[in-house]
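[1] here is my input; please provide its structure:
(chains A, B, C and D)
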2 protein chains.
Amino acid sequence: MTIHSVTTATARPLLERGDKRDAILRAATDVFASRGFFNAQVADVARAAGVAAGTVYLYFRSKDDLLVSIFDRTMREWIEEGRASVAPIKDPVERLRAIARVHLGRMGRDRSLAVVFQVELRQSTKFMERFSATALREYLGIIREVIVEGQATGAFRREINPTLAAKLFFGGLDEMATNWILSARRYAPVNDVDAIIEMFVRGVANVRTAASRIPRPTPRKARRP
Amino acid sequence: MTIHSVTTATARPLLERGDKRDAILRAATDVFASRGFFNAQVADVARAAGVAAGTVYLYFRSKDDLLVSIFDRTMREWIEEGRASVAPIKDPVERLRAIARVHLGRMGRDRSLAVVFQVELRQSTKFMERFSATALREYLGIIREVIVEGQATGAFRREINPTLAAKLFFGGLDEMATNWILSARRYAPVNDVDAIIEMFVRGVANVRTAASRIPRPTPRKARRP
DNA sequence: GGTCACTGAATGAATGGTCATTCATTTCGG
DNA sequence: CCGAAATGAATGACCATTCATTCAGTGACC
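    This is a model prediction of the structure:
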């Protein structure tokens, strides 16, 4: 309909196939985001995409397959974007900032996708495990690498555990995203990036305070010469 | 059955009522954790609790009510425990440490409950919103208070945003918990508390490095006298 | 340039299976 | 024996998935 057929008989259907697949995936993202995966009906997705219920099954194996496809496609783009944003930067702190920008920027740009990622995808350990085993591991790996290199250049303290640091960093971003999803107030989560980085890098402590220097501090009033 | 009835006619049923209610809630936690809320059948819960399917409805309004009850009860205990652990402590850093200990300690002690909290409860925004609006807000409030007071005593820098700091702190703990749930390796998440606190308090930066002092640092190689 | 048969995409009503929930009946303690 | 508590088979909704049918282009042939 939209594209005039100029090429051979097989070429046009292929083009439209991609378009329609995208449309269904887009519709599924919106419907899952608003009703929740389990409460959403395939018929709802079909209606939102402007096709009949049966048509969904010409493009996807099952309802689950819709969720998995959303996940796979987005994650691929996301990891690519993350790597690309880090690549040209040298300074470790700026690299973290770039990752945070991409992370929160992407979320802020597409609320339905964010809801699916922050909430719907985490249903039942079935999806979680897939999420965790593949993409999340890779994503955490990228952050970890940045930290390890930062330690090598001397920007970051050597005694911190890079794996732990990566989890905390990711956890912070993730929480910011979830918080944004569930908040009625409309703001751009990406605006908090600088404050997040500052806090992650410098910590909350006042540098002049002894409390920040020892793992299990003794209260200072006990000091007695 | 378990408790011999010594009291009046109405007292015994009340006692057993509580016991059975607990048993069903406990069973529900385990079943939801292993099969996932939507895939679990009420009959599974009943079987695990050693009662008939219909009996569940003598104690709970609906399947949803099971999840909500798990949530309400746990959260109440949890917030109490959190407050109690903070109350006797003065040092702000130690207060954060106490919160982290309670948080990860509790998770580590009851894996099924942890799964329900980290995964199952986050299904569909319906539960998430409930989670977020009431308990999470209160919990974040406790953390925030600790930080505000830490700023007052001079332990924490005044320029950090306490709300943001609370979110990052909670996000870090939350991620540690989720990571633990999904990891095949068995360890006690509470063991990471000291490292988490150290990193949150002091930051990742090497103090001697310029990169940590300015929000948007200029690469140092550009320095030219 | 009109007709026709063909192909594969699209449709949506019908199917079948799966549970949450109910309630008539049974059990049990006192 | 009574009433409360428990049972579990039966009910009824719901919805993913299927598939017989329709539709719309396409090329061939006259």
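
[2] my guess is residue A:67 meets residue A:31, correct?
    No. With contact defined as CB atoms under 8 Å, residue A:67 does not count as touching residue A:31 (11.1 Å). (Glycine included, C-beta is placed from N, CA and C.)

[3] got the domain boundaries for chain A?
    Split into domains by automatic domain parsing, chain A comes to A:8-60, A:62-205.

[4] how far out from the middle of the chain is the helix or strand of chain A with the lowest mean pLDDT?
    Ranked by mean pLDDT, DSSP states H and E, the helix or strand of chain A with the weakest confidence is helix A:124-131, at a mean of 71. Distance of helix A:124-131 from its chain centroid, counting by CA atoms, centre = their mean, to the nearest Å, is 15 Å.

[5] quick check: next helix or strand after it?
    helix A:137-153 (DSSP states H and E).

[6] name the residues of that next one that are buried.
    Buried residues in helix A:137-153, counted by 16 or more other CB atoms under 10 Å in any protein chain shown: A:139, A:140, A:142, A:143, A:144, A:146, A:147, A:149, A:150, A:151.

[7] I'd like those residues written out as JSON lines, with distance to residue A:111 and pLDDT added.
    Shown next, in JSON lines, are the buried residues of helix A:137-153 (distance: CB to CB, whole Å; pLDDT from 0 to 100):
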{"residue": "A:139", "distance to residue A:111": "21", "pLDDT": "90"}
{"residue": "A:140", "distance to residue A:111": "24", "pLDDT": "93"}
{"residue": "A:142", "distance to residue A:111": "24", "pLDDT": "94"}
{"residue": "A:143", "distance to residue A:111": "24", "pLDDT": "95"}
{"residue": "A:144", "distance to residue A:111": "29", "pLDDT": "97"}
{"residue": "A:146", "distance to residue A:111": "28", "pLDDT": "96"}
{"residue": "A:147", "distance to residue A:111": "30", "pLDDT": "97"}
{"residue": "A:149", "distance to residue A:111": "34", "pLDDT": "96"}
{"residue": "A:150", "distance to residue A:111": "32", "pLDDT": "97"}
{"residue": "A:151", "distance to residue A:111": "36", "pLDDT": "97"}
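
[8] pretty sure residue A:106 is touching residue A:81, no?
    Yes. At 7.3 Å, residue A:106 counts as touching residue A:81 under the criterion of CB under 8 Å.

[9] the more surrounded of these two?
    residue A:106 (20 against 15; other CB atoms under 10 Å in any protein chain shown).

[10] so what's residue A:126 closest to, chain neighbours aside?
    Closest residue to residue A:126 apart from its sequence neighbours, by CB to CB, 6 or more residues apart in numbering or on different chains: residue B:36 at 6.9 Å.

[11] I meant residue A:30, not that one.
    If the residues on either side of it in the chain are set aside, residue A:30 comes closest to residue A:112, at 4.8 Å by CB to CB, 6+ apart.

[12] burial of the one you found, as a residue count?
    Using other CB under 10 Å, residue A:112 is surrounded by 18 other residues.

[13] list the buried residues in whichever strand or helix holds residue A:114.
    Here residue A:114, judged by DSSP H and E, is contained in helix A:111-118. Of all the residues in helix A:111-118, those buried under the rule 16+ other CB under 10 Å are A:112, A:113, A:114, A:115, A:116, A:117, A:118.

[14] with pLDDT and distance to DNA strand C as extra columns, can I get those in TSV?
    TSV is the format used below for those (pLDDT from 0 to 100; distance: CB to the nearest atom of the strand, whole Å):
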residue	pLDDT	distance to DNA strand C
A:112	93	22
A:113	92	24
A:114	92	28
A:115	91	24
A:116	90	23
A:117	85	26
A:118	85	25
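
[15] can you list these in CSV and add distance to residue B:174?
    Below are the buried residues of helix A:111-118 laid out as CSV (distance: CB to CB, whole Å):
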residue, distance to residue B:174
A:112, 23
A:113, 21
A:114, 17
A:115, 18
A:116, 19
A:117, 15
A:118, 12
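
[16] distance to DNA strand D added to the residues you listed, as CSV?
    Converted to CSV, the buried residues of helix A:111-118 look like this (distance: CB to the nearest atom of the strand, whole Å):
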residue, distance to DNA strand D
A:112, 18
A:113, 20
A:114, 22
A:115, 18
A:116, 16
A:117, 20
A:118, 21
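
[17] do you know the pLDDT at the spatially closest residue to residue A:78 that is not a sequence neighbour?
    The shortest distance from residue A:78 to any non-neighbouring residue, by CB to CB, 6+ apart, is to residue A:106 (6.6 Å). We have a pLDDT of 92 for residue A:106.

[18] off-centre distance for the helix or strand residue A:106 falls within?
    When elements are assigned from DSSP H and E, residue A:106 belongs to helix A:92-109. Mean C-alpha position of helix A:92-109 versus that of the full chain (CA atoms, centre = their mean) differs by 10 Å.

[19] what sits up against it?
    A:78, A:81-82, A:85-86, A:89, A:113-114, A:117-118, A:142-143, A:146-147, A:149-150, A:153, A:155-156, A:169, A:173, A:176-177, A:180-181, A:188-190, A:192-194, A:196-197, A:200-201, B:205, B:211-212, B:217 (CB atoms under 8 Å, 6 or more residues apart in numbering or on different chains).

[20] how close does the residue nearest the centre of chain A sit to residue B:156?
    With distances taken as CA atoms, centre = their mean, the residue of chain A nearest its centroid is residue A:103 (5.7 Å). Separation of residue A:103 from residue B:156 (CB to CB, to the nearest Å) stands at 26 Å.

[21] same question for residue A:54.
    From residue A:54 over to residue B:156 the distance is 60 Å, taken as CB to CB.

[22] do the same with residue A:192
    Per CB to CB, residue A:192 is found 18 Å from residue B:156.

[23] this completes my enquiry, with thanks.
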